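# please work out how this folds:
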Amino acid sequence: MKSETMAVLLLVLLLCAESSIAQDVFSPSVDIIVEIEKLKNMDERIQKLEEALTNVLSENEVLKHKLETVQKENEAKKVAFSAGLLGSGDGSTGPFDALKILEYKKVFSNVGSAYDSNTGIFTAPIKGAYYFRFYAHCHGGASMAVSLLKNGVTQCSVFSWKPVSNGNGSNGVVLTLEIGDQISTQLWKQTWVYDDTASYTSFSGFLIFPL
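Below you'll find the model as predicted:
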């Protein structure tokens with residue numbers, strides 16, 4: 001009788017064990033489900049990080065563009081030039097039967113490239129207040145007269161009427177210029193100027209501040 005009871009108990013235990021094994025095999029583990037949820041959460045965080053990184057890169061591009069714009073604006077604000085009349089040698093320019101724009105060939109500096117030595121004309125690259133100064137020299141017995149022009153209109157002049165010895169004159173002016181305004185110096189009719197390697201006759205200007 002005892003042996004039969006033991007057999008029944010063993011059979012019950014075996015059935016329980018098989019049931020437990022089957023449950024473990026065919027039912028997902030709670031730990032696996034948790035890990036899957038963690039992976040899902042990680043994917044979401046990675047996606048958010050990618051979106052944040054994309055936004056940062058876009059902001060960096062915007063900042064880079066703004067920086068380049070500011071740098072270009074700052075470069076445009078750097079305007080200054082100075083030039084002597086003759087590039088080399090010595091001699092007089094004039095007299096002429098008509099007004100003559102002086103072309104200063106010996107360029108000492110031309111920051112911003114606003115002065116054109118081929119024409120003698122300075123063209124304002126930005127709106128602002130500018131300062132210009134020019135010098136003229138002549139020998140005794142000759143008349144010298146030079147004017148500074150803004151868009152072809154006289155602003156100020158220097159003059160020396162047949163000096164006994166050498167004649168010199170200089171003048172300067174502050175002008176408000178718009179983009180594209182042109183500044184030049186003009187030799188009067190039947191007058192002349194002299195220059196040599198010492199650059200007695202010269203023309204200079206620079207931007208004081210933008211407007």
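# roughly how far does residue 60 sit from residue 85?
51 Å (Cβ to Cβ, to the nearest Å). Yep, even glycine has a C-beta here, placed from its N, CA and C like the rest.
# which of those two has more neighbours?
The neighbour count for residue 60 versus residue 85, taken as other Cβ atoms under 10 Å, is higher for residue 85 (26 against 10).
# who's in contact with that one?
93, 102, 103, 104, 105, 106, 193, 195, 199, 201, 202, 203 (Cβ atoms under 8 Å, 6 or more residues apart in numbering).
# export those to a markdown table and tack on neighbour count and pLDDT?
Formatted as a markdown table, the contacts of residue 85 follow (neighbours: other Cβ atoms under 10 Å; pLDDT from 0 to 100):
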| residue | neighbour count | pLDDT |
| --- | --- | --- |
| 93 | 17 | 95 |
| 102 | 21 | 98 |
| 103 | 19 | 98 |
| 104 | 27 | 98 |
| 105 | 15 | 98 |
| 106 | 17 | 97 |
| 193 | 29 | 97 |
| 195 | 26 | 96 |
| 199 | 17 | 96 |
| 201 | 29 | 98 |
| 202 | 21 | 98 |
| 203 | 25 | 98 |
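# so which of those residues comes closest to residue 137?
residue 201 (5.2 Å; Cβ to Cβ).
# surely that closest one and residue 195 touch.
Yes - using Cβ atoms under 8 Å, residue 201 is in contact with residue 195, at 4.2 Å.
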